[in-house]
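**Q** Sequence and computational prediction follow.
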Amino acid sequence: MPRTEHLVGTRALLLAAARDEFAAHGMGGARVGRIAERAGVSKERIYGYFGSKEKLFAAVISEALTEHATLLGPPSADLAEYAGRIYDLHRRNPQLLRLMMWEALYYDGGLPNEQPRTARYRDMVATLSEALGSEPGSDSDTEAASTLLALIGLAILPTAFPQITRLILGTAADAPGGDDELRAHIVRLARRMVAPASDAPA
């Protein structure tokens, strides 16, 4: 195997092992030794590739977010169904939410790679603003940003806080078809939320 391919393969193994470890234990509880063992390399190789456990954590988050953005795609004209897509993606990939929650607990203030992440959300807000019929860059971008935040919150809460979902819905969410019913309800709520004021129910 050429050296370049070997390096890429080893880095991918490390990131995959680290994603599992950080999702399960967070930045504080994750152990470099377990990551190395799972990836089949020495701990020194991890430091050689990433420099520190914190930088490895940042690389894992960055890779997971890029993968998430690719799978989700940009906001669409049907914003309610976009909320449904967010719900579906996180139900299928709960690991990303766990990583994001660990990140929120670990960092107090600035995040690694914050500027490109901010730029990615800014692009999403611009796309959403256009979908809402506003001119990108206008004052309506603030409304679009708040709408995006609300859509994300609505769609991810059942997966982020399954205990709250269970306490409120009881066994309904776990019953056959319960997940589909919850998704449909989220889409209906999102549709009401983004409807023009003239279309809103009295």
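**A** Perfect, I can see it now.

**Q** Quick one: residues in contact with the helix or strand A184 falls within.
**A** Using DSSP states H and E, A184 sits within helix 178-194. Residues outside helix 178-194 that contact it (CB atoms under 8 Å, 6 or more residues apart in numbering) are 79-84, 87-88, 91, 132, 147, 150-151, 154-155, 158, 165, 169, 172-173, 200-201. Backbone N, C-alpha and C define where each C-beta goes, glycine included.

**Q** Count the neighbours of E21 for me.
**A** Number of residues near E21 (other CB atoms under 10 Å) recorded here: 24.

**Q** Helix or strand for it, just tell me which one.
**A** Assigned by DSSP H and E, E21 belongs to helix 3-29.

**Q** circling back: pull out the buried members of the contacts of helix 178-194.
**A** Among the contacts of helix 178-194, those classed as buried by 16 or more other CB atoms under 10 Å are 79-80, 82-84, 87, 91, 132, 147, 151, 154-155, 158, 165.

**Q** Check those residues for the minimum pLDDT and say which it is.
**A** Within the set of these, pLDDT is lowest for L132 (76).

**Q** Skip the chain neighbours and tell me the closest residue to it.
**A** A144 (5.9 Å; CB to CB, 6 or more residues apart in numbering).

**Q** which residues does that neighbour contact?
**A** Counting by CB under 8 Å, 6+ apart, A144 makes contact with V125, A126, L128, S129, L132, S134.

**Q** Looking at neighbours, which among those is most surrounded?
**A** When neighbours are counted by other CB under 10 Å, L128 leads the contacts of A144 with 25 neighbours.

**Q** That one is in what secondary structure piece?
**A** Assigned by DSSP H and E, L128 belongs to helix 114-131.

**Q** Low-confidence stretches in this protein?
**A** Within the chain, the segments meeting pLDDT under 70 span 1-8, 135-140, 172-174, 196-202.

**Q** And what about G133, helix, strand or coil?
**A** Put simply, G133 is coil when judged by DSSP: H, G, I helix; E, B strand; the rest coil.

**Q** For the helix holding L128, which helices and strands make contact with it?
**A** Counting contacts by 3 or more CB pairs under 8 Å, 6 or more residues apart in numbering; DSSP states H and E, helix 114-131 is packed against helix 53-72, helix 140-160.

**Q** Reformat these as a markdown table; add distance to Y107.
**A** Shown next, in a markdown table, are the helices and strands packed on helix 114-131 (distance: least, CB to CB, whole Å):
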| stretch | distance to Y107 |
| --- | --- |
| helix 53-72 | 10 |
| helix 140-160 | 17 |
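
**Q** any idea how far L79 is from T147?
**A** As judged by CB to CB, to the nearest Å, L79 and T147 stand 7 Å apart.
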